[in-house]
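Q: Here's my sequence, what's the structure:
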Amino acid sequence: MNLNKEESSILMVDDETFIQDIVSRWLHQENYKCITASSGDQALEIMENQKISLVISDIMMPGISGIDLLEHISDQYPDTAVIMLTGVDDRETATKAVELGAYGYLIKPVEKNEILINVAGSLRRRELEIMRRQYEDELEKKVKERTLELQTVQNVTFYGMAVLAEYRDSETGGHIMRTQNYVRAICERLALYPKFRNELAAETIDLFYKSTPLHDIGKVAVPDAILLKPGKLTKDEFEIMKQHTIYGSDAIKRAEEVLGVDKNTSFLRIARDITATHHEKWDGSGYPAGLKGEEIPLVGRLMAIFDVYDALISKRVYKDPIPHSKAVRIITHGDGRVMPEHFDPDILDVFNEMHQDFREIAYELADHEEERAGLRKN
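A: Numbers count the residues shown, from 1 in each chain. Predicted coordinates:
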């Protein structure tokens, strides 16, 4: 590496003028550009106005000491190298200087060769440090770009899978977007409560939002005669329909095995949880595993409410949409088939507090005018 001395500005800081003069003369003789300062304050003023490659500073100076100057440079000008000069050989001070980032520590009186060797070595080290940081910054940038690219592919792939599932169902793509937004809205509120705060970091809420569209991907394996049946399912047909929770979670597990993906990867773990548990009920009467209470993952408990809410307010080939207020009343008070004990009571309370927010989401993303009409009713 060839060092361009003329591009390396060196600042010599010492309250003794003759030291300034002799060191700056040595440096000029070697074609270095050298500036002098008589105090730490003056040095900082110079550094605010021009780029300095290397500072050679006395330690014992009136006002700002050399150690204080070194600490400020290390914090504010990390690309500037520093060599310390001192008239006292003090091990403790030398150790502190090195810990603060000094490249060299010289004892007065210094010889010309000693100064020049340390200056050349410090400037070379500085260039290597700058190159290392630039490399690390570029590497970090590339990693972030690659990660973003992979996340985009992941999001598009899983969203596409969810949409394919919706195409085979009587439900619509609006159901995906509505449930996503319901879940994100309630998570942001729940995150304010101590009970849920640790579970609902911003990253987790984002993963819940991205995973929600996958809840019904298992429906792709349900026969059309059952999935698209316009009337009520028989007991046997309903048993087959219930299998979509298992089909969905198994599909994700198989994908993990084939691709060699860690099963504990947050996104995939949450995706498995939501596909497998969004029909579980707080009182243990749900399916497929009959989980009870907090045995049900949080994302499953959330989706349990919103899958029911969105089904009630939406138009289907076999039913008309129910007005928002009636849907809320059914969920919070029950109607024989849907009962409040089916849902996490803490989440149910927040759902009831926020139900007008969910009405607005549903209205904005409604698929049919009939649904909007029902959402307008009180």
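Q: contacts and neighbour counts: CA atoms only from here.
A: Will do.
Q: what secondary structure does residue 36 sit in?
A: strand (DSSP: H, G, I helix; E, B strand; the rest coil).
Q: any idea how far it lies from residue 120?
A: Using C-alpha to C-alpha, to the nearest Å, residue 36 is found at 18 Å from residue 120.
Q: which one of these two has more residues nearby?
A: residue 36 (22 against 13; other C-alpha atoms under 10 Å).
Q: neighbours around the closest residue to the more buried one other than its chain neighbours, how many?
A: Closest residue in space to residue 36, ignoring its immediate chain neighbours: residue 12 at 4.7 Å, by C-alpha to C-alpha, 6 or more residues apart in numbering. Residues within reach of residue 12, counting by other C-alpha under 10 Å, total 24.
Q: ok so residue 12 is a strand residue?
A: Yes - membership of residue 12 in a strand is supported by three-state DSSP.
Q: Helices of the stretch 201-350 of the chain, residue ranges please.
A: Counting by DSSP state H, counting those that start in this stretch, residue ranges of the helices within the stretch 201-350 of the chain are 202-211, 224-227, 235-242, 244-259, 266-277, 298-313, 324-333, 345-364.
Q: Just put the ones you listed in CSV and tack on mean pLDDT.
A: Shown next, in CSV, are the helices of the stretch 201-350 of the chain (pLDDT from 0 to 100):
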stretch, mean pLDDT
helix 202-211, 91
helix 224-227, 86
helix 235-242, 94
helix 244-259, 83
helix 266-277, 88
helix 298-313, 96
helix 324-333, 95
helix 345-364, 96
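Q: Output those helices in JSON lines; the columns should cover mean neighbour count and distance to residue 96.
A: Shown next, in JSON lines, are the helices of the stretch 201-350 of the chain (neighbours: other C-alpha atoms under 10 Å; distance: least, C-alpha to C-alpha, whole Å):
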{"stretch": "helix 202-211", "mean neighbour count": "18", "distance to residue 96": "40"}
{"stretch": "helix 224-227", "mean neighbour count": "14", "distance to residue 96": "74"}
{"stretch": "helix 235-242", "mean neighbour count": "14", "distance to residue 96": "69"}
{"stretch": "helix 244-259", "mean neighbour count": "17", "distance to residue 96": "52"}
{"stretch": "helix 266-277", "mean neighbour count": "23", "distance to residue 96": "44"}
{"stretch": "helix 298-313", "mean neighbour count": "22", "distance to residue 96": "51"}
{"stretch": "helix 324-333", "mean neighbour count": "19", "distance to residue 96": "66"}
{"stretch": "helix 345-364", "mean neighbour count": "17", "distance to residue 96": "55"}
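Q: What distance do you get for residue 298 to residue 280?
A: When residue 298 is compared with residue 280 (using C-alpha to C-alpha), they lie 11 Å apart.
Q: Which parts of this structure are strands?
A: Ranges of strands in the chain, per DSSP state E, are 9-13, 33-37, 54-58, 81-86, 104-107.
Q: Got the phi and psi for the nearest residue to residue 240 once chain neighbours are set aside?
A: Spatial nearest neighbour of residue 240, chain neighbours left out: residue 222 (7.2 Å); criterion: C-alpha to C-alpha, 6+ apart. Main-chain torsions, residue 222, degrees, to the nearest 10: phi -90, psi 130.
Q: Near residue 222, how many residues? Count them for me, please.
A: Neighbour number of residue 222 under other C-alpha under 10 Å is 19.
Q: For it, give me its contacts.
A: 240-241, 243-244 (C-alpha atoms under 8 Å, 6 or more residues apart in numbering).
Q: can you do 10 Å?
A: 168-169, 228, 237, 240-244, 247 (C-alpha atoms under 10 Å, 6 or more residues apart in numbering).
Q: which of the residues you listed lies closest to residue 267?
A: residue 247 (18.0 Å; C-alpha to C-alpha).
Q: How about the contacts made by the residue lying closest to the closest one once chain neighbours are set aside?
A: The shortest distance from residue 247 to any non-neighbouring residue, by C-alpha to C-alpha, 6+ apart, is to residue 218 (4.6 Å). Counting by C-alpha under 10 Å, 6+ apart, residue 218 touches 161-162, 165, 241-252, 275-276.
Q: try 7 Å
A: Applying C-alpha atoms under 7 Å, 6 or more residues apart in numbering to residue 218 gives the contacts 244-245, 247-248.
Q: Quick check: it vs residue 250, distance?
A: 9 Å.
Q: what about residue 104, distance to residue 84?
A: 6 Å.
Q: Comparing these two, which residue is more hemmed in?
A: Per other C-alpha under 10 Å, whichever of residue 104 and residue 84 has more neighbours is residue 84, with 22 against 19.
Q: hang on, the more buried one packs against residue 54?
A: No - if you go by C-alpha atoms under 7 Å, residue 84 and residue 54 don't touch, sitting 10.8 Å apart.
Q: Return every residue with contacts to both of the two.
A: Both residue 84 and residue 54 lack any common contact, where contact means C-alpha under 7 Å, 6+ apart.
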